[in-house]
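# here's a sequence, model it:
(one chain, ligands or ions: 1)
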Amino acid sequence: MYSQVEHPAGGYKKLFETVEELSSPVTAHVTGRIPAWLKGSLLRCGPGLFEVGAEPFYHLFDGQALLHKFDFKEGHVTYHRRFVRTDAYVRAMTEKRIVITEFGTYAYPDPCKNIFSRFFSYFKGVEVTDNALVNVYPVGEDYYACTETNFITRINPETLETIKQVDLCKYVSVNGATAHPHVENDGTVYNIGNCFGKKFSLAYNIIRIPPLQADKEDPINKSEVVVQFPCSDRFKPSYVHSFGLTPNYIVFVETPVKINLFKFLSSWSLWGANYMDCFESNETMGVWVHVAEKKKGRLLNIKYRTSAFNLFHHINTYEDNGFLIVDLCTWKGNENACVAAPLPADTGKNLVTLPYTTATATLRSDETIWLEPEVIFSGPRHAFEFPQINYKKYGGKPYTYSYGLGLNHFVPDRLCKLNVQTRETWVWQEPDSYPSEPIFVSHPDALEEDDGVVLSIVISPGAGPKPAYLLILNAKDMSEVARAEVEMNIPVTFHGLFKRA
Ligand SMILES: [Fe+2]
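Residues are numbered from 1 along each chain as shown. So this is what the prediction gives:
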């Protein structure tokens, strides 16, 4: 018997409603007191247009990219949003139909075209979406909105105007790149992407974009592949959403979520197929963990294995006494948990000897190392997701705190802080209120890791004329410091950053 699980309030559906962009920023109504030191912009990406005319986008990842900005200046807050002028958006607006196939939505061919032009447009190749709805990140002095394909879109972080589309394939050997690059404090950007090489060989390339140099040349021109991870399957690459980076190592967790390339390539001859139809799971492979030395660009010749789970987000990765600690938000069965998987960096030392973790690593007769993780957060039907940390100071280093969005049956209804050492948690939650990924902003004179605030966009549909607000929490105890309300709905946002003024 089929029964649908419904969140009690159901107001979260407002997260998936089309909204209009703004022609200029609006002033938000502040209650509480915005910290005087908080100066800059919260930039976030998400879908904002969920249909074109009568044609709906079918998947959460398919709505057209809307870029949001909350500006903080002398205790005042303004809100602005603009659609990113991607090809997918501009063509949909111009032709008044969905033109480019998205993750879960197939773009039907123009019915005006006859069968022959359809045939030739198939052979001209697949049109890959540039719908930059997932994240925004800096490269040199520029900012890019992105999805997970080879296209990224340069935007103006002040006006939110679209500047240009960039095709990463023209600069470096990848077929796409994740929306979760690592950006080091000197501006170096690392990312990972699938690479379909010669003779149909599959691999995952780590790319490096250097910081802006004195010649002021666009750093993307200097992009390079620093190391290549092998693929566990000759024909099926795994889906990759993020990866781990420490001062000396790059960690790639290869999960059983596979992209069936045969389906992928043939789907364009079958009307109605989309990217989502090409995913499948190969649980028997378990999870393979690959490690490379960052500076030498050299793979560690160690085969790390663990049991199957799905993965979107790495929390943090660090080195400690010859081990790598890899904290992840895993999805395993119906449960969600974060795990700590210590990796011996020295093959002669296979047992985990760190005093603070129950995670183990065992050398097996087939010369693989079996990693048994330690669960650091687990709740029935509750997930700790969209993890954030004090990245600037603790990214790639030993750390204590992670901030996350609590999902209840996939509905975001809480903000959480997790002490990854002691497992202590703090929660912010209000009825019929749906927050977004919490972004940590450190106090400029911070002495401790959690000296600062956490920023999240919350929608609260029952709240009357001000259904959405920017929430500022004290990162120490997740208590409310202030909120800045706006008189409009704000649909779901996935990821973003705080750009200091
Ligand atoms: Fe993500």
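
# okay, CA-based contacts and neighbour counts for the rest of this
Noted.

# and residue 201, what does it touch?
234, 235 (Cα atoms under 8 Å, 6 or more residues apart in numbering).

# actually residue 423, sorry about that
If you count contacts by Cα under 8 Å, 6+ apart, residue 423 has them with 376, 377.

# helix or strand next in line after the lowest-mean-pLDDT helix or strand in the chain, which one?
Every helix and strand in the chain was compared by mean pLDDT, DSSP states H and E; the lowest is helix 115-123, with a mean of 37. Going down the chain from helix 115-123, the next helix or strand is strand 135-139, by DSSP states H and E.

# strand partners (parallel or antiparallel) of that following strand?
Using DSSP bridges, the strands paired with strand 135-139 in its sheet are strand 142-146 (antiparallel).

# would you state the helices of the protein in chain order?
For the chain, helices defined by DSSP state H occupy the ranges 87-95, 115-123, 261-266, 391-394.

# what about the stretch 301-450 of the chain, any weak spots by pLDDT?
333-351 (pLDDT under 70).

# ok, which stretches of it are strands?
With strands called from DSSP state E, counting those that start in this stretch, the stretch 301-450 of the chain shows them at 303-306, 310-320, 323-332, 335-344, 360-363, 368-372, 374-378, 382-388, 401-408, 411-419, 425-428, 439-442.

# using CSV, lay out the ones you listed together with mean neighbour count and distance to residue 164.
Converted to CSV, the strands of the stretch 301-450 of the chain look like this (neighbours: other Cα atoms under 10 Å; distance: least, Cα to Cα, whole Å):
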stretch, mean neighbour count, distance to residue 164
strand 303-306, 19, 41
strand 310-320, 22, 28
strand 323-332, 22, 33
strand 335-344, 24, 38
strand 360-363, 20, 47
strand 368-372, 20, 44
strand 374-378, 18, 41
strand 382-388, 24, 28
strand 401-408, 24, 32
strand 411-419, 23, 33
strand 425-428, 16, 39
strand 439-442, 24, 27
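
# need the ones you listed in TSV (columns: distance to residue 227).
Below are the strands of the stretch 301-450 of the chain laid out as TSV (distance: least, Cα to Cα, whole Å):
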stretch	distance to residue 227
strand 303-306	17
strand 310-320	18
strand 323-332	18
strand 335-344	19
strand 360-363	25
strand 368-372	21
strand 374-378	29
strand 382-388	26
strand 401-408	29
strand 411-419	33
strand 425-428	37
strand 439-442	30
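
# show me the one of these that comes nearest residue 480.
strand 425-428 (8.2 Å; Cα to Cα).

# got the contact list for that closest one?
Here strand 425-428 has contacts from 414, 415, 416, 417, 418, 419, 477, 478, 479, using Cα under 8 Å, 6+ apart.

# rerun that using 6 Å as the cut-off
Contact with strand 425-428 is made by 414, 415, 416, 417, 418, 478, as judged by Cα atoms under 6 Å, 6 or more residues apart in numbering.

# correct me if wrong: residue 420 contacts residue 403.
No: assessed by Cα atoms under 6 Å, residue 420 is found out of contact with residue 403, at 10.1 Å.

# what's near enough to touch residue 238?
By Cα under 6 Å, 6+ apart, the residues touching residue 238 are 257, 258, 259.

# neighbour-wise, give me the winner out of the residues you listed.
residue 257 (22 neighbours; other Cα atoms under 10 Å).

# and the closest residue to it other than its chain neighbours, what does it touch?
Nearest residue to residue 257, sequence neighbours excluded (Cα to Cα, 6 or more residues apart in numbering): residue 281, at 4.7 Å. Shown in contact with residue 281 (Cα under 6 Å, 6+ apart): 256, 257, 258.

# now residue 68
The contact partners of residue 68, taken as Cα under 6 Å, 6+ apart, are 43, 44, 80, 81.

# one more time with 8 Å, if that's ok
Residue 68 touches 42, 43, 44, 45, 79, 80, 81, 82, 160, counting by Cα under 8 Å, 6+ apart.

# would you agree the third one is in contact with residue 494?
This means residue 44. Yes: Residue 44 is in contact with residue 494 according to Cα atoms under 8 Å; the separation is 7.3 Å.

# overlap in contacts of the two?
By Cα under 8 Å, 6+ apart, the residues touching both residue 44 and residue 494 are residue 135.

# which one of those two is surrounded by more residues?
Using other Cα under 10 Å as the criterion, residue 44 and residue 494 rank with residue 44 on top: 28 against 15.

# if I look at that one, how far off is residue 71?
For residue 44, the distance to residue 71 equals 12 Å [Cα to Cα, to the nearest Å].

# and what of residue 19?
Following Cα to Cα, the distance that separates residue 19 from residue 71 is 20 Å.

# neighbour-wise, which of those two wins?
More crowded of residue 19 and residue 71, by other Cα under 10 Å: residue 71, with 25 against 17.

# leaving out sequence neighbours, find the closest residue to the more buried one.
With sequence-adjacent residues excluded and distances taken as Cα to Cα, 6+ apart, residue 71 is closest to residue 41, at 4.4 Å.

# which residues does the one you found bridge with?
Assessed by DSSP bridges, residue 41 has beta-bridge partners residue 71, residue 499.

# that one: how many residues sit nearby?
Considering only other Cα under 10 Å, residue 41 is surrounded by 22 other residues.

# gap between it and residue 317?
27 Å.

# what do you get for residue 191?
From residue 191 across to residue 317, the span is 15 Å (Cα to Cα).

# same check on residue 16?
Distance of residue 16 to residue 317, computed by Cα to Cα: 33 Å.

# where in the stretch 51-200 of the chain is pLDDT low?
For the stretch 51-200 of the chain, the stretches flagged by pLDDT under 70 are 103-126, 197-200.

# quick one, strands of it?
For the stretch 51-200 of the chain, applying DSSP E, counting those that start in this stretch gives strands covering 51-52, 55-56, 64-73, 76-83, 135-139, 142-146, 151-155, 162-167, 182-183, 189-196.

# out of these, which is the most enclosed?
strand 64-73 (a mean of 25; mean count of other Cα atoms under 10 Å).

# endpoint to endpoint, stretch 458-471 covers what distance?
By Cα to Cα, the extent of stretch 458-471 from end to end equals 7 Å.

# what residues of that stretch count as buried?
Residues 458, 459, 460, 461, 466, 467, 468, 469, 470, 471 are the ones in stretch 458-471 that count as buried (16 or more other Cα atoms under 10 Å).

# quick one, what contacts residue 311?
Residues in contact with residue 311 (Cα under 8 Å, 6+ apart) are 241, 255, 328, 329, 330, 331.

# which one of those residues is nearest residue 395?
Among the contacts of residue 311, and counting by Cα to Cα, the member closest to residue 395 is residue 328, at 13.6 Å.

# residues contacting the closest residue to the closest one other than its chain neighbours?
Sequence neighbours aside, residue 314 is the residue nearest to residue 328 in space, at 4.5 Å (criterion: Cα to Cα, 6+ apart). When contacts are counted by Cα under 8 Å, 6+ apart, residue 314 touches 242, 243, 244, 326, 327, 328, 329, 387.

# please report how far residue 314 lies from residue 182.
Counting by Cα to Cα, the separation of residue 314 from residue 182 is 11 Å.
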